[in-house]
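# Dropping a prediction and its sequence here:
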Amino acid sequence: MSGYFILAILVLAFLVVFQISKASEYVSVLKGEEKTFKQSNRINAFMFLAFLVVGLIAAWFCNETYYGKTLMAQPAASEHGEKIDFMLKLTFAVTGVVFLLTQILLFWFAFKYQYTDKRKAYFFSHDNKLELIWTVVPAIFLTVLVGFGLFYWFKITGDAPKDSQVVEITGKQFNWMMRYPGKDNVLGRKNYRLTDAANGNALGVDWEDGASHDDIEATEMHLVVNKPVQLVINAQDVIHDVGLVHFRLKMDAVPGIPTTLWFTPKYTTAKMKEITGNKDFVYEISCDQVCGTGHYSMRGVIIVETQAEYDAWMTSKKPQYVTVKEVAEPKVAVDTTGAATVQTTQKPLAQLK
Amino acid sequence: MSSETVLHGQTAEASVNAHEGHDEHGHHHHEESFLTKYIFSQDHKMIAKQFLITGIIWAIIGGLFSVLFRLQLGYPDTSFPFLEDIFGRWAKGGRISNEFYYALVTMHGTILVFFVLTAGLSGTFANFLIPLQIGARDMASGFLNMLSYWFFFLASVVMFASLFIQTGPAAGGWTIYPPLSALGQASEGSKLGMDFWLISMALFIVSSLLGGLNYITTILNLRTKGMSMTRMPLTMWAIFFTAVLGVLSFPVLLSGAVLLLFDRNLGTSFYLSEIVVKGEILPNEGGSAILFQHLFWFLGHPEVYIILLPAMGMVSEILSVNSRKPIFGYLAMVGSLFAITILAFLVWAHHMFVTGLNPFLGAFFVLLTLLIAVPSAIKVFNWLTTLWRGNIRLTPAMLFAIGFVSLFISGGLTGIFLGNSTLDLHLHDTYFVVAHFHIVMGVASFFGMFAGVYHWFPKMYSRYLNNTMGYIHFWVTLIGAYLIFWPMHYQGLAGLPRRYTDFSNWQSFNQFADMNRFISTVAMIVFAVQLLFVFNFFYSIFKGRKVQNTNPWGSNTLEWTTPITPGHGNWPGELPEVHRWAYDYGKDGREFISQVEPVGADESAH
């Protein structure tokens, strides 16, 4: 019912606007078109000035209201992020000046040089010096921005430090799966054809590779504060993207083409709760590349903690290989040849303990 | 109202009187049936109108889609029973389903980028203006031109049909990245709807190539006597470069689309490798999902300029005419268009900084991308100088042209953020991007298009659009555009990812419910005002105030030397001869001097 009501109001408003517009056209013919032209020209010119002034105030108001809700209001949680925040502020400073200058000139000119009978337009077709100035000056500023940008870009995308922790993250519709290399610090080989989620091998790990036997799988990512981490990023079905807003980073997860990304978390989750004043704060992994109907819900969680907390968590986890084999144990008992395999593969587990 | 006519028309009449008087009896006598005149027309003016009206219909559909998904974003907890009445299972319980949301977003992008701002904008004004402004009777090939429209029409039919498929239209975003778009298992929208999308796009590309080749050929070969390239109005230069961009880049998209069709239907692995989808292990190995992105963006980025350049050209022309001043730095304007055209081909990978692209390669794309800011800055400063010390008539066309400059500045500057790969790591695929490209490419180009429609409507239909409705249209749209997209930058700076139907489950992204409600409300108002424009358009075709004067805006260009209602062939007698550039406004104390007027002995050189 209210729908029809709104529709009726809309139609009515339409009719009113139409009638007024039509009437004003007739009036203009009666009053003399020149007079109407001058009148509406004055109104529109004034509107430009008003738009400029009110617009700038509104922009300021918008900033007051929403600045605190953006990430600008909180420190970046990684060293890379700090560089990016600095770049962001630098770019805001440069573009902000240009923005104000050009918008003010534009609307001021539109107001100032509105039609009058008295003025003759000034024939001014070109001026090489002026044009050179506004070619060179922007070029210089852009060079500075490109310089800073590329300097940081190479730092951020450069090789990860040798002592980085390695974590594999794999995206699939619509969740993230993590894998840790375990004691040997080597991620076991994978073969996508071995993927078998029902039997504990959701990632398609090749158990033939001994390096896989101590790999730990998890649904949350645990990181150690101030320790560099290198992410090895995979996708199983479609392209996803590991979005890490608090660290100011993101990297696509592409099926068939692993990508990497490294950074150093600066604050533990607990510390970030203090900094942001939000007791529910949590580092989130968002999927930033549209991946299907559940895209908006593809959420992962990162817990940044101290080394001690991390170690405690790690010891509580059992390698996936062991879990899988334990489930398979009864079968193994029947299959005599399989027993030998279990035996040999117990070794890395022993190492872990 | 048309006081401009009264004000500035007199001198115009004098200069063009020579061509007046034989309206109906030119040498184009053959009888035209309804079918050949309105449907299968080969007259560039009629084809232009066909493009425009088809574009308007698509714009309403595409705009409406955005209103629908803004309903979901702005009012995620509210149920709108009327949605279920209309869309059935797509909006069960009065809420837009996830499948429907992604289909809406995808079709909104596809429709507006390709069908409205490419075909509707270039198709309309390239067809309409090229022969009229260079002094030709018609396009080089009227037949190809007609085919160009009808391929567009076919593409439209296929795309429109895809909206009614049971599994819905394409839903993987307008960029249709595989594997999502290649695997029916991965998404409902990647089933039959995706094939329709690809077929429609293939037809669209054919249309665009036929049109583009025709535009280039016509501009190069059919200029009237005296119309050297450097005497052409900037609209012609802009459309020329647009056509070059389209002809060189659209075929690459076609190849990308065809390979995707193969992957989908013939079991090839161009884009597919090592995929497990919903537990099913696919046999494809060795393809590269990133290859598609290269092919797509090799068109996709030039496409941005295919959309923007015609708007720039028309804005240059309209700013100059209504400031009663020459465009400032004509050659620099042509040069910057040229620079943008070249650079447009060299920056595609800036859409791919976070795909795992080699960072060294990325560095070149950063450099080349930010280089575009230089010609863009030249254009902005030249437009500003064109306004400076002018005698500005704020016609609706002029309002939109000034609005275009404002939006181009606002949206262009945020491009400097995104083109810098370091910042793109943070801002990629957030609402910052959404705000950026909607302002600079979407709304700005729409403003260019509106400026063009208001300015050339009198030439198209021999009637005026209603000015009051034009003013309302402009001010609500300008204010609304800023109210919608300015706050979105803040969402982007908070890291909100694009293409999320709902943010309520996120700790990091759930703080903007009030802003989303506000944006959605404004979007609905702005959409309603566009309907006012559409109404004004169709009403004025039949009932608008009649044009009494061949040159209502006091303009120098050739289209205003044709009769008020030009027939097929445009000029009833001889083609006009051109003696000067298009921008002698305010020269030697004269308000304007038409291009057809010979240079006087005592005239100052510029």
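Structure received.
# Is there proximity between stretch B:108-123 and chain A?
No: for stretch B:108-123, no contact with chain A is found by CB under 8 Å from any CB of the partner chain; the gap never falls below 10.9 Å. The C-beta positions use only the backbone N, C-alpha and C, and glycine is treated the same way.
# In CSV, could you pull the C-alpha coordinates for that stretch?
Extracted C-alpha coordinates of stretch B:108-123, given in CSV (Å, rounded to 0.1, in the frame of the first residue of the first chain):
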residue,chain,number,x,y,z
HIS,B,108,24.8,-2.7,-14.3
GLY,B,109,28.4,-2.5,-15.2
THR,B,110,28.2,-4.2,-18.5
ILE,B,111,25.2,-2.2,-19.7
LEU,B,112,26.5,1.2,-18.7
VAL,B,113,30.1,0.7,-19.8
PHE,B,114,29.4,-0.9,-23.2
PHE,B,115,25.8,-0.3,-24.2
VAL,B,116,25.3,3.2,-22.9
LEU,B,117,28.6,4.9,-22.6
THR,B,118,30.2,3.3,-25.6
ALA,B,119,27.4,2.6,-28.1
GLY,B,120,25.1,5.3,-26.7
LEU,B,121,27.7,8.0,-26.5
SER,B,122,30.2,7.3,-29.4
GLY,B,123,27.5,5.8,-31.6
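# gap between it and the chain center?
6 Å (CA atoms, centre = their mean, to the nearest Å).
# and if you look at stretch A:176-196?
For stretch A:176-196, the distance to the chain centre is 26 Å (CA atoms, centre = their mean).
# Stretch B:483-499 now?
On CA atoms, centre = their mean, the centre of stretch B:483-499 falls 23 Å from the chain's centre.
# Which single residue of the stretch 101-250 of chain A approaches chain B most closely?
Residue nearest to chain B within the stretch 101-250 of chain A (CB to the nearest CB): A:V245, separated by 3.3 Å.
# Skipping its backbone neighbours, what lies nearest that residue in space?
If the residues on either side of it in the chain are set aside, A:V245 comes closest to B:G495, at 3.3 Å by CB to CB, 6 or more residues apart in numbering or on different chains.
# list the contacts for that neighbour?
Listed by CB atoms under 8 Å, 6 or more residues apart in numbering or on different chains, the contact set of B:G495 reads A:71, A:243, A:245, A:286, B:426, B:430, B:508-509.
# repeat that for 7 Å
With contact taken as CB atoms under 7 Å, 6 or more residues apart in numbering or on different chains, B:G495 is in contact with A:71, A:245, B:430, B:508.
# Give me the neighbour count for the first one.
Yep, that's A:L71 we're talking about. By other CB atoms under 10 Å in any protein chain shown, 21 other residues sit near A:L71.
# how much space between it and B:V534?
As judged by CB to CB, to the nearest Å, A:L71 and B:V534 stand 40 Å apart.
# Point me to the helix or strand that includes residue 51.
As the question left the chain open, I've gone with chain A. helix A:33-66 (DSSP states H and E).
# Hmm, no, I was thinking of chain B.
Assigned by DSSP H and E, B:F51 falls within helix B:44-74.
# still on that earlier bit, need the phi and psi values for the residue nearest to A:V245.
When quoted as degrees, to the nearest 10, the phi and psi of B:G495 stand at phi 90, psi 10.
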